[in-house]
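Q: dropping the sequence and predicted coords here.
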Amino acid sequence: MTIKPREKVADGDDDPVESMLKKTGCLELHYKVQECIAETKDWRKCQDVVNSFKDCIEKHKQEEMSRIKS
């Protein structure tokens with residue numbers, strides 16, 4: 001099963017969550033988490049992709065903090 005990006009909302013704007021995840025560079029990992037959960041019906045079986053997604057978000061946060069402090 002492949003989870004695809006949501007359709008654009010009626011006014012033409014992207015989904016706000018997808019827009020935010022695109023900026024972090026973690027959107028594809030988000031889709032992998034969704035796909036794993038949809039396939040297994042148990043998020044606990046998806047800890048490898050959940051942790052990869054978490055690491056990606058944390059890396060983005062660290063990069064943003066470093067950029068702000070510079």
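A: Cool, the structure landed.
Q: where are the low-confidence patches of this protein?
A: 1-13 (pLDDT under 70).
Q: hmm, try it at 90
A: 1-14, 67, 69-70 (pLDDT under 90).
Q: before we move on, what SS does D14 have?
A: Here D14 is coil, with the state taken from DSSP: H, G, I helix; E, B strand; the rest coil.
Q: count the neighbours of it for me.
A: D14 has 13 neighbouring residues, counting by other CB atoms under 10 Å. C-betas here are computed from N, CA, C, even on glycine.
Q: one more: L29?
A: Using other CB under 10 Å, L29 has 20 neighbouring residues.
Q: work out for me the element the residue nearest to it when sequence neighbours are not counted sits within.
A: Nearest in space to L29, with sequence neighbours left out and distances taken as CB to CB, 6 or more residues apart in numbering, is F53 at 4.2 Å. Using DSSP states H and E, the element containing F53 is helix 47-69.
Q: geometric centre of this structure: which residue is closest?
A: Closest to where the C-alpha atoms of the chain average out (CA atoms, centre = their mean) is H30, at 3.0 Å.
Q: name the element that one belongs to?
A: Taking DSSP H and E as the definition, H30 sits inside helix 27-40.
Q: list the buried residues of that helix.
A: L27, L29, H30, Y31, K32, V33, Q34, E35, C36, I37 (16 or more other CB atoms under 10 Å).
Q: gap between the fourth one and C56?
A: Right, Y31. From Y31 across to C56, the span is 12 Å (CB to CB, to the nearest Å).
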